[in-house]
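Asks: Sequence first, then the predicted structure:
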Amino acid sequence: MNTLKAGATYVESGSTDHGIRYVEVAIPAIGKGEDVKIRVLQTKLVEEVLSSCTKGANLLIAGRLYMNRAVQGDWNYYLIPTKKIQVLPCPIQLNDITIAGGYWLSDNDIKSNQNAQERHNFSLLTSAPQQPLLSHTREDAIKFSITAWKYDADRILKQAYKGRQMLVEGYLRSYNGYVSVTVSSGLHTMFGSKEKKKENENDNNVKPANATEVVIQGETKEEIHI
């Protein structure tokens, strides 16, 4: 699961090097950081609405978030609308994202957690319906960078282990164009056994013998079965 519902403003239309047409929208920043830039694909569901919008138009968007696997180095998020986009008379403060997938620590997560006291950074690998335009199949994993704070960080750090299924609700944040998800207080749930598997007892990065390989945005990472 990787669903987003948010208020946003129309920025501009464009297309990728592979000819994928999109409309870029900006979700207002929550707290520190920048507006979150998302590229909305112009599917038949929303093409009529988007083609009539002008710069600065207020929108209500909802759909699934993907990355463009067809282009290495394209770190933008793409929204596949699941509902018709609504044009609003005024801005709406809404930035809700729900992610469900397997817990995992990337090298960047481990590095950033070394000096963290009330924060825990981790990743969730999630599956999503195939999207030929973005070269995404059901076997591909989408990686989301997640940040939890204080009580949530402490609980996740104590109970999570590599591959454990989790669902988090939060909001998108952006720093220097890097988009991540911040967990809303208390809005996370874990599934499966509370006990770590023996091979993962002391190391979240131990690679199981039967792990397969997937490429996530130009990086080869082990796949978490979800």
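Replies: Good, I have the coordinates.

Asks: CA atoms for contacts and neighbours, from now on please.
Replies: Noted.

Asks: Any stretches of the chain with poor pLDDT?
Replies: 196-226 (pLDDT under 70).

Asks: try 50
Replies: Along the chain, the parts satisfying pLDDT under 50 run over 199-202, 204-226.

Asks: which helix is the longest one in it?
Replies: helix 150-159 (DSSP state H).

Asks: what about the closest residue to residue 85 other than its chain neighbours, neighbour count?
Replies: Nearest non-adjacent residue to residue 85, counting by Cα to Cα, 6 or more residues apart in numbering: residue 61, 5.2 Å away. When neighbours are defined as other Cα atoms under 10 Å, residue 61 has 26 of them.

Asks: what are the pairing partners of the helix or strand in which residue 61 is found, and which direction each?
Replies: Assigned by DSSP states H and E, residue 61 belongs to strand 58-67. If you go by DSSP bridges, strand 58-67 pairs up with strand 2-15 (antiparallel), strand 77-81 (antiparallel), strand 86-88 (antiparallel).

Asks: in the sheet, who's paired with the residue nearest to residue 85?
Replies: residue 6.

Asks: any idea how far residue 136 is from it?
Replies: Distance, residue 61 to residue 136, by Cα to Cα, to the nearest Å: 21 Å.

Asks: same deal with residue 96?
Replies: For residue 96, the distance to residue 136 (Cα to Cα) stands at 23 Å.
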